[in-house]
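J.: how would this look folded up:
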Amino acid sequence: MAKTANFGWTIVQHSGWGYGQKPGFEKGLEPREIPTRALRNLVERVGGVVYEDYLEADEAAHELMFPPGHPEHMLYPNFMGTFSEKKIDGLRIAIPRRVVVP
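T.: Predicted coordinates for the structure are as follows:
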């Protein structure tokens, strides 16, 4: 079987909210594969981040949902960025906050 093209991974709003509006998942994230060059360009254009593989995207999603200082006893994620109106698989593309480093 031929390997399909992979244009990286990104993070999107959690499907628990995006598909079912389940309470607590509005600020959740999950990785999504970018299957086409056009979608990769879209992610980059709206300010999303492209990761090389699933593990990198999954780790980034976890760090963004549970930033330092996030109370460990809190179950629900707290992504502090925004979500684009543009979507992949019906889920809004996550746009992390940009931090300026002097």
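J.: Now do the SS call for Met74.
T.: coil (DSSP: H, G, I helix; E, B strand; the rest coil).
J.: Scan the chain for its longest helix.
T.: Across the chain, the helix with the greatest residue count (assigned by DSSP state H) is helix 54-65.
J.: for this protein, what spans make up the strands?
T.: 9-13, 29-33, 82-88, 91-95 (DSSP state E).
J.: Below-threshold pLDDT in the protein: ranges please.
T.: Counting by pLDDT under 70, the chain has low-confidence residues at 1-5, 72-73, 99-102.
J.: try 90 this time
T.: 1-6, 66-76, 78, 80, 97-102 (pLDDT under 90).
J.: Just list the residues touching the residue lying closest to Glu33 once chain neighbours are set aside, thanks.
T.: Distances taken as Cβ to Cβ, 6 or more residues apart in numbering place Trp9 nearest to Glu33, at 5.6 Å, with adjacent residues excluded. Where you see a C-beta, it was placed from the backbone N, CA and C, and this is true even at glycine. Applying Cβ atoms under 8 Å, 6 or more residues apart in numbering to Trp9 gives the contacts Pro31, Arg32, Glu33, Ile34, Val50, Tyr51, Glu52, Asp53, Tyr54, Glu56, Ala57.
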